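**Q** quick one, structure for this:
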Amino acid sequence: MEKTNELKFAVSSFLAGACIALVSNLNMMLGGLAGAILFSGGLIFVCSRNLHLFTGKAQKPSFQLIPMLLFNVSGVLVICIMIGVDMVGSDIIDFRLTCFNEQPIQFFMKCVACGAIMTMSVQEWAKKNYWPLLFGIPIFVLLGLPHCIADVAYLISWHYWNPDGVYVWCWLTTVVGNFVGCNLYRILLKHETRVS
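**A** The predicted structure is shown next:
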């Protein structure tokens, strides 16, 4: 990558994370359908500006996904620190902590489902079919499916990052599960195209 392209990539990835942080905070404050719709609006902005969001690009595996994820997380951290919203006691945080206490396979499958919905929404958006994003994203938000970028915003309060590292491992599981879901959708779509 040339230096100019590297800078654009870094800024794009950072802004994608910052955008998700903003809508995640709004979702945390409002909750319910209103929060889910605003989250969808944030993803519409990310897609329309073609920003580099991990869960929007993971269906194209490459080594760029690692720095992309790191810049996404950096964007989330900066925005959350600037906003300084107290997330302790939020329904979303409580729900996420409940998810972390689920059976590992159950939690992982939710992560996979989130990745599949994200990829379907983003790919259909690129084909100018906007309905999956408009409806799919609020559905995954309302279901509380783990999203590796949004979850950083939800868990930014260090009160929840226990010294035993359980939530760090859950977040890493979310990253892997989202990645698998993104590529599962791509593989199934490719197989369906071959069959037809």
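**Q** in the chain, what helix or strand scores lowest on average pLDDT?
**A** Lowest on mean pLDDT, DSSP states H and E among the helices and strands of the chain sits helix 91-100, with a mean of 67.
**Q** quick check: residue 47 touching residue 55?
**A** No. Here residue 47 lies out of contact with residue 55, judged by C-beta atoms under 8 Å, at a distance of 11.4 Å. Where C-beta positions appear, they are placed from N, C-alpha and C, glycine not excepted.
**Q** need the overlap of contacts for the two.
**A** residue 122 (C-beta atoms under 8 Å, 6 or more residues apart in numbering).
**Q** which one's more surrounded, these two?
**A** Neighbour count, other C-beta atoms under 10 Å: between residue 47 and residue 55, residue 55 has more, with 29 against 18.
**Q** ok, back up a step: could you check the helix or strand following the least confident helix or strand of the chain and say which residues are buried?
**A** Using DSSP states H and E, the helix or strand that follows helix 91-100 in sequence is helix 104-126. Buried residues in helix 104-126, counted by 16 or more other C-beta atoms under 10 Å: 107-123, 125.
**Q** model confidence over helix 104-126, on average?
**A** The average of the pLDDT scores along helix 104-126 is 92.
**Q** check stretch 41-50 too.
**A** Mean per-residue pLDDT for stretch 41-50: 94.
**Q** alpha carbons only: can I get that stretch in CSV?
**A** Extracted in CSV, the C-alpha atoms of stretch 41-50 (Å, rounded to 0.1, in the frame of the first residue of the first chain):
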residue,chain,number,x,y,z
GLY,A,41,-28.6,4.9,10.3
GLY,A,42,-25.0,4.8,11.4
LEU,A,43,-24.3,1.7,9.3
ILE,A,44,-26.0,3.4,6.3
PHE,A,45,-23.5,6.3,6.7
VAL,A,46,-20.6,3.8,6.9
CYS,A,47,-21.8,2.0,3.7
SER,A,48,-22.6,5.2,1.7
ARG,A,49,-19.1,6.6,2.5
ASN,A,50,-17.6,3.2,1.9
